[in-house]
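> Below is the structure, and that's it, no one-letter string:
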């Protein structure tokens, strides 16, 4: 079943049109994937973190799953927008809790592992957000690829579908963007 013809896509359309009950039917279908995306963001976070994956999903839910939201092209488009919302929630949260000192081990981290979903050290998300904003000015498409791959956890194929690009183009953008971001993030040390 393609993303454009899934029950999720139909319910997203119903939600946009304000059909009663669409939100109630949709949430159980999208919750598990939203929870996986959120959990990936929290793997290895410091103990006692006051925001958790469930909180992140709930915040995202409040922002996105209400009548009149959208329109959503398909489920992948919805997950892409949800990942952007999660990113913004986490960045806002990180800004509010900026008082924490940076992890001294950051300089010794393998940057490749950070982009392979390794736990992010304190301050990393803010640095990444600033770097992504700079990248967006240089290459909006590469910035979107990073958002979809890193924050939403979409595959290369899913990212290509959302952005309506070829798989090869997405692979190249992903590699170039990661390399550029690694160089930029090293400057913040």
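Everything's here; your move. Predicted model, so just to flag it, every value in this text is computed and none were measured. Residues are numbered from 1 along each chain as shown.
> Next, count neighbours for the residue nearest to residue 63 when sequence neighbours are not counted.
Of all residues not flanking residue 63 in the chain, residue 85 sits nearest, at 5.0 Å (Cβ to Cβ, 6 or more residues apart in numbering). No exception for glycine: its C-beta is placed from N, CA and C like everyone else's. For residue 85, the neighbour count with other Cβ atoms under 10 Å is 19.
> who's in contact with residue 85?
59, 60, 63, 64 (Cβ atoms under 8 Å, 6 or more residues apart in numbering).
> Sitting in helices, which of the residues you listed do you find?
59, 60, 63, 64 (DSSP state H).
> before we move on, back to that, among the contacts of residue 85, who's most crowded?
residue 60 (22 neighbours).
> per-residue confidence at the nearest residue to it once chain neighbours are set aside?
In space, and not counting its chain neighbours, residue 60 is closest to residue 85: 4.9 Å by Cβ to Cβ, 6+ apart. Residue 85 is assigned 85 on the pLDDT scale.
> In what element of secondary structure is residue 85 found?
helix 75-96 (DSSP states H and E).
> so how far is the helix or strand containing residue 57 from its chain's centroid?
Taking DSSP H and E as the definition, residue 57 sits inside helix 53-64. Offset of helix 53-64 from its chain centre (Cα atoms, centre = their mean, to the nearest Å): 12 Å.
> what comes into contact with that helix?
27, 31, 34-35, 38-39, 41-42, 78, 81-82, 85-86, 89-90.
> can we see that at 10 Å?
12, 15, 23, 26-27, 30-43, 45, 49, 51-52, 69-70, 72, 78, 81-86, 88-90, 92-93 (Cβ atoms under 10 Å, 6 or more residues apart in numbering).
> Now do that helix, average pLDDT.
84.
> Quick check: phi and psi on the residue of the chain positioned farthest from its centre?
Going by Cα atoms, centre = their mean, the residue of the chain most distant from its centre is residue 20, 28.4 Å out. Phi and psi for residue 20, reported as degrees, to the nearest 10, are phi -60, psi 130.
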